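*Asks:* 3D, please:
(3 chains)
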Amino acid sequence: MPELPEVETTLNGITPLLTGKTIKAINIYQKQLRWPIPSTIKKKLTGTKVQHCRRRAKYLILETTGGSLIIHLGMSGSLHIIKSSIPAQKHDHFEMVLTNNQCLRLRDPRRFGAVLWGGNSPESHKLLKDLGPEPLDKDLPADHLYVVTRKRKRNIRDTLLDGHLIAGVGNIYANEALFLAGIRPTREAGSLSKPACRRLLVAIQQVLTAAIKAGGTTLKDFQSPTGNPGYFKQSLQVYGRELGACTSCGQPIKAKMVGSRRCFYCTKCQR
DNA sequence: AGGCCCTCCTGTAAGC
DNA sequence: TGCTTACAGGAGGGCC
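*Replies:* Just a heads-up that it's a prediction; the model follows:
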């Protein structure tokens, strides 16, 4: 999926085209996503105006004058702004038609995504209320990772993927940040020192910031809502670079299954 | 509470 | 060429 930078890129793409616009219609072509799309959103959203678009973790929140819509892109979801006269394609499941005849369309081949009703307080939605802090929050304490990893037995890579501890970090950026911080993904989270945890948080912030700047990472088919790929792939140091040379020491990058997902790291630079 | 496993679905690419 | 299998960027829910 789209991880935090890809969701942020998506947000940046849709915000100027949605904000202030009136919703003429909602069309649901396939309601069976991760959870069923509530059919009540048609009535709740039609005729309302989009006031504000924002992101929380990997969720997009569209606030309208009638309540909020929560969108998650799952593993393969993408949003597109196109003319409503363009016919929906095979994996287009949901669309929001505006009175200017532009429309926001959700495409999601694997259907792990979600479109949910957030009402007047989306933050208190079951899926959002227990999320950890935003990694790019300027007020996030430098020792946050140290605090939340104490007594954690599982490996640090899987720990970073837990959105309840820190929000929005997926497998790609977890691997990249661990490389930048010089920490092996298999390390037990609770064994990391305070300086290592600080280094790791800074690395997460650096890699996410750089990826957002590049428009996200296109591994296969990620596109911004206006159709541009993300250019961060060329900046990846370890992810997907099995047997490639470590950019720091030249050693071949190792790939290994950790938990249920692959990790990539340098056996020399990451300890 | 934490950790592990299963699950949802389809496309793609590798392997035989 | 064609079939089978493994894997992919997520993450909630159930269970121990």
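
*Asks:* how about the contacts made by the closest residue to DNA strand B within the stretch 151-271 of chain A?
*Replies:* Nearest residue of the stretch 151-271 of chain A to DNA strand B: residue A:153, at 3.5 Å (CB to the nearest atom of the strand). In this view, the C-beta of every residue, glycine as well, is placed from N, C-alpha and C. By CB atoms under 8 Å, 6 or more residues apart in numbering, the contact list for residue A:153 reads A:188, A:189, A:190.

*Asks:* how about residue A:116?
*Replies:* Contacts of residue A:116 by CB under 8 Å, 6+ apart are A:35, A:37, A:38, A:69, A:70, A:71, A:72, A:125, A:127.

*Asks:* now residue A:89
*Replies:* Contacts of residue A:89 (CB under 8 Å, 6+ apart): residue A:107.

*Asks:* just to revisit the earlier point, let's see the pLDDT reported for the residue of the stretch 151-271 of chain A closest to DNA strand B.
*Replies:* Looking at residue A:153, its pLDDT reads 93.

*Asks:* number of nearby residues for residue A:126?
*Replies:* Residue A:126 is flanked by 7 other residues according to other CB atoms under 10 Å.

*Asks:* quick one: secondary structure of it?
*Replies:* Three-state assignment for residue A:126 (DSSP: H, G, I helix; E, B strand; the rest coil): coil.

*Asks:* show me where the stretch 151-271 of chain A has its helices.
*Replies:* A:156-161, A:171-181, A:194-213 (DSSP state H, counting those that start in this stretch).

*Asks:* can the shortest one be found next to DNA strand C?
*Replies:* Yes. Part of helix A:156-161 sits near DNA strand C under the criterion CB under 7 Å from any atom of the strand, namely residue A:161.

*Asks:* so where's the stretch 1-150 of chain A uncertain?
*Replies:* Confidence mapping of the stretch 1-150 of chain A against pLDDT under 70 gives the ranges A:1.

*Asks:* list, one by one, the residues from it near DNA strand B.
*Replies:* Residues of the stretch 1-150 of chain A lying close to DNA strand B (CB under 7 Å from any atom of the strand) are A:32, A:34, A:76, A:90, A:91, A:109, A:110, A:111, A:112.

*Asks:* the fourth one and residue A:67: what is the separation?
*Replies:* In this case it means residue A:90. The gap separating residue A:90 from residue A:67 is 30 Å, by CB to CB, to the nearest Å.

*Asks:* contact partners for the residue of chain A found nearest DNA strand C?
*Replies:* Proximity of chain A to DNA strand C (CB to the nearest atom of the strand) peaks at residue A:170, 2.2 Å away. Going by CB under 8 Å, 6+ apart, residue A:170 touches A:1, A:3, A:4, A:58, A:161.

*Asks:* now for the closest residue to residue A:263 other than its chain neighbours, how many residues are close by?
*Replies:* Distance criterion CB to CB, 6 or more residues apart in numbering; nearest residue to residue A:263, sequence neighbours excluded, is residue A:185 at 4.1 Å. Using other CB under 10 Å, residue A:185 is surrounded by 27 other residues.

*Asks:* I'd say residue A:103 and residue A:88 touch.
*Replies:* No. Using CB atoms under 8 Å, residue A:103 is not in contact with residue A:88, being 9.4 Å away.

*Asks:* secondary structure class for residue A:115?
*Replies:* strand.

*Asks:* which one is the closest residue to DNA strand B within the stretch 1-150 of chain A nearest to, not counting chain neighbours?
*Replies:* With CB to the nearest atom of the strand as the measure, residue A:110 is the residue of the stretch 1-150 of chain A nearest to DNA strand B, at 3.1 Å. Closest residue in space to residue A:110, ignoring its immediate chain neighbours: residue A:76 at 4.2 Å, by CB to CB, 6+ apart.

*Asks:* and residue A:49, what does it touch?
*Replies:* So residue A:49 contacts A:20, A:21, A:22, A:23, A:64, A:65 (CB under 8 Å, 6+ apart).

*Asks:* residue contacts, the closest residue to the third one other than its chain neighbours?
*Replies:* Going back to what we said before, that points to residue A:22. Using CB to CB, 6+ apart and skipping the chain neighbours, the partner closest in space to residue A:22 is residue A:99 (4.5 Å). The contact partners of residue A:99, by CB under 8 Å, 6+ apart, come to A:21, A:22, A:23, A:24.

*Asks:* thanks a lot, see you next time.
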